[in-house]
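J.: Whatever this is, show me its structure:
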Amino acid sequence: MIFIGTGTTITFGTSGYSAEILDVTPPDGSRESINTSHMGTTGAHTFTPAKLVDWGGFSFDAHFDPAETPLITLAAETVTIAFPNSASTSWAFSGFCTGYAPTDPIEDKATIAITVKVSGEVTIT
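T.: Next comes the predicted model:
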């Protein structure tokens, strides 16, 4: 099954920030592994997964609007990424902007690269 991203949207719950999205890199989760090896372990180290997941962050590129309030100045808020697949899946989480990089080139469209840190769980519906 393939998935085409055209139609994906991002909603910021409190600020109402909106933009014409060009591409999205969804949150990338990771968690630590705990070494459970001991003096009686033979052959290779053994591990168990840590209980807490770090969802890292997500990023997106959009058309830049200099009249918009910069996300980098705002508090954490609920962010929802809605994917236009057949099941209308969405990912929701608390997040705050950690990277805000507009570009205004000569004779081309102005764009912005935004990075958001995920705080807590990602809820997939």
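J.: Which residues does stretch 104-112 contact?
T.: Residues outside stretch 104-112 that contact it (C-beta atoms under 8 Å, 6 or more residues apart in numbering) are Ala19, Leu22, Asp61, Ala62, His63, Phe64, Pro66, Tyr100, Ala101, Pro102, Thr103. Backbone N, C-alpha and C define where each C-beta goes, glycine included.
J.: So what's the residue count around the third one?
T.: Summarising burial for Asp61: neighbours were counted as other C-beta atoms under 10 Å, giving 17.
J.: Can you tell me how far Tyr17 is from Gly95?
T.: 11 Å (C-beta to C-beta, to the nearest Å).
J.: which of the two has more neighbours?
T.: Between Tyr17 and Gly95, counted using other C-beta under 10 Å, the more crowded position is Gly95 (23 against 20).
J.: got the contact list for the more buried one?
T.: Gly57, Phe58, Ala76, Glu77, Val79, Val116, Lys117, Val118, Ser119.
J.: top of those by neighbour count?
T.: Using other C-beta under 10 Å as the neighbour criterion, Val116 leads these with 26 neighbours.
J.: So what sits opposite that residue in the bridge?
T.: The partner list for Val116 in beta bridges (DSSP bridges) reads Phe58, Cys97.
J.: Quickly find the element holding the residue sitting furthest away from the middle of the chain.
T.: Largest separation from the mean C-alpha position in the chain: Gly40, at 42.0 Å (C-alpha atoms, centre = their mean). In this assignment (DSSP states H and E), Gly40 forms part of neither any helix nor any strand.
J.: Can you report phi and psi for it?
T.: Per-residue torsions, Gly40: phi -90, psi 0 (degrees, to the nearest 10).
J.: Contact partners for it?
T.: Gly40 neighbours (C-beta under 8 Å, 6+ apart): none.
J.: any idea how far Thr48 is from it?
T.: In terms of C-beta to C-beta, Gly40 sits 16 Å off from Thr48.
J.: Can you get me a residue count around Asp54?
T.: 14.
J.: where along this structure do the strands fall?
T.: 9-12, 21-25, 33-35, 47-49, 57-63, 77-82, 90-103, 111-124 (DSSP state E).
J.: closest to Leu71 out of the ones you listed?
T.: strand 90-103 (3.8 Å; C-beta to C-beta).
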